[in-house]
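Q: pasting a predicted model and its sequence here:
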Amino acid sequence: MTSPALTSPGFTPLRSARLTLRPFREADAPALHRLVNDWEVAKNLARVPFPYPEALAQSWIASTWAQIAAGEAWDLAIVGEENGAELLVGCIGLTMHRGTREAELGYWVGRKYWGHGVAPEAARCLLDWAFTSLELDAVVASALEDNERSAKVLLRLGLHETGTGAREFLARQGRMPVRLFSGSRAELAPPPPPTPGSAEKPIVLVAACALVDSDGRVLLAQRPPGKSMAGLWEFPGGKVNPGETPEAALIRELKEELDIDVSAACLAPFTFASHTYEKFHLLMPLYICRRWQGQVTGAEGQALTWVRPVRLGDYEMPPADIPLVAMLRDFL
């Protein structure tokens with residue numbers, strides 16, 4: 001007879017544009033061991049030993065089921081898709097601080113999947129669920145002082161740095177200095193749905209893309225005469241049509257505007273802009289793309305320029321694009 005602690009919990013998987021977050025399964029143990037038994041991954045995780053014993057993966061998976069069932073923590077598998085099959089790429093979790101309405105965010109991604117925007121996409125998905133489904137007031141997190149990649153992810157999510165501390169790291173066999181981060185419900189929770197029948201401004205969904213070339217430069221396009229905000233520089237992209245995904249819209253727009261071919265797998269969600277204009281509210285997800293086919297050209301006669309990240313602020317942009325510049329510059 002199977003004990004309750006060894007029964008997979010009834011948790012509805014969460015889905016983002018490219019990923020699924022779900023409870024771990026017994027069959028995930030070999031892939032979990034393969035990904036986390038890597039010094040470059042384990043050295044940044046407080047509660048993971050190195051080397052990571054193969055038998056530990058199975059028992060740890062069972063412990064996550066018990067914690068989910070008890071409402072104490074949600075450690076979920078980050079799953080992608082390759083050739084129609086599921087592919088484990090990492091882990092993300094929230095752990096409640098006992099006696100509070102605060103949870104700690106933690107995550108790791110297998111080394112071969114670094115640089116594809118997996119961590120921020122998974123974390124945004126989990127936080128949106130948590131603030132909608134749990135009575136959370138805040139989320140906290142920490143990152144090793146030398147783990148700049150993780151710190152950038154936390155800042156991009158909307159957490160702010162609150163100070164420094166120290167934590168025990170099993171893989172490093174000692175206490176290590178960490179940077180501390182925190183975000184309140186007001187800062188991190190998804191916006192509430194509009195009230196039916198309200199006089200809110202219509203929301204316009206536009207997808208934009210930061211094309212990054214082999215030299216690390218970012219492409220900007222100038223809005224042509226005759227369009228609103230003519231002469232301003234922006235990230236290529238365009239309006240998402242009804243029934244169209246942001247990725248599909250970008251693939252279409254980049255072909256029409258720049259005569260290049262891009263696949264959805266090469267579009268990594270980075271961040272988004274939310275800005276109110278006079279007649280509408282703009283919601284604009286920004287993707288990063290480093291691979292495409294074809295020669296970038298101004299297919300609609302627009303001026304183009306490749307810009308070093310540190311110089312992006314030198315170009316006059318629409319108001320919605322401006323907050324994206326600092327985040328993109330820090331990331332690149």
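A: Yep, it's here.
Q: which stretches of the stretch 1-150 of the chain have low pLDDT?
A: 1-8 (pLDDT under 70).
Q: show me where it has strands.
A: Assigned by DSSP state E, counting those that start in this stretch, the stretch 1-150 of the chain shows strands spanning 14-15, 20-23, 73-82, 85-96, 102-109, 138-144.
Q: show residues contacting the third one.
A: What it means is strand 73-82. 11, 14, 18-25, 28, 32, 64, 67-68, 86-96, 107, 109, 113, 118, 122, 126, 130 (C-beta atoms under 8 Å, 6 or more residues apart in numbering). Bear in mind the C-beta positions are built from the backbone N, C-alpha and C, glycine included.
Q: filter these down to the buried ones, ChimeraX style.
A: Only the buried entries of the contacts of strand 73-82 go into this ChimeraX selection, using 16 or more other C-beta atoms under 10 Å:
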select :14,18,19,20,21,22,23,24,28,32,64,67,68,86,88,89,90,91,92,93,94,95,96,107,109,113,118,122,126,130
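Q: got the contact list for Ile92?
A: Ile92 neighbours (C-beta under 8 Å, 6+ apart): 21, 75-76, 78, 105-107, 119, 122-123, 126.
Q: domains for this protein, by residue range?
A: Listed by automatic domain parsing, the domain ranges of the chain are 4-188, 203-331.
Q: correct me, but Gly90 touches Arg34?
A: No. The criterion here is C-beta atoms under 8 Å, and Gly90 misses it with Arg34 at 11.9 Å.
Q: of all the strands of the stretch 1-150 of the chain, which one is nearest His281?
A: His281 lies closest, by C-beta to C-beta, to one member of those: strand 14-15, at 24.7 Å.
Q: hmm, who's touching that closest one?
A: In contact with strand 14-15 (C-beta under 8 Å, 6+ apart) are residues 20-22, 76, 125-126, 129.
Q: 10 Å instead, please
A: With C-beta atoms under 10 Å, 6 or more residues apart in numbering as the contact definition, strand 14-15 has outside contacts at 20-22, 74, 76, 79, 92, 122, 125-126, 128-130, 133.
Q: any idea how far the residue nearest to Asn147 when sequence neighbours are not counted is from Asp28?
A: In this structure, Asn147 finds its nearest non-sequential neighbour in Asn44, 5.1 Å apart by C-beta to C-beta, 6 or more residues apart in numbering. From Asn44 across to Asp28, the span is 21 Å (C-beta to C-beta, to the nearest Å).
Q: give me the most central residue, this protein.
A: Pro120 (1.9 Å; C-alpha atoms, centre = their mean).
Q: distance check, that residue against Ser150.
A: 11 Å.
Q: overlap in contacts of those two?
A: Tyr107.
Q: and which of the contacts of Ile92 is nearest to Ala186?
A: If you rank those by distance to Ala186 using C-beta to C-beta, Leu105 comes first, at 16.7 Å.
Q: neighbours around that closest one, how many?
A: The tally of other residues near Leu105 (other C-beta atoms under 10 Å) stands at 23.
Q: now Val79
A: Number of residues near Val79 (other C-beta under 10 Å) recorded here: 22.
Q: look up the closest residue to it, ignoring the ones flanking it.
A: Per C-beta to C-beta, 6+ apart, closest to Val79 is Thr20, 4.5 Å.
Q: so who does Glu278 touch?
A: Contact analysis of Glu278 by C-beta under 10 Å, 6+ apart lists Lys201.
Q: next up, phi/psi of it, please.
A: The phi/psi pair for Glu278 (degrees, to the nearest 10) reads phi -60, psi -40.
Q: and the pLDDT for it?
A: pLDDT, Glu278: 80.
Q: in the stretch 101-250 of the chain, which spans are helices?
A: 118-133, 148-157, 185-188, 246-258 (DSSP state H, counting those that start in this stretch).
Q: now those helices in TSV, with distance to Gly163?
A: What follows is those, written out as TSV (distance: least, C-beta to C-beta, whole Å):
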stretch	distance to Gly163
helix 118-133	21
helix 148-157	13
helix 185-188	17
helix 246-258	36
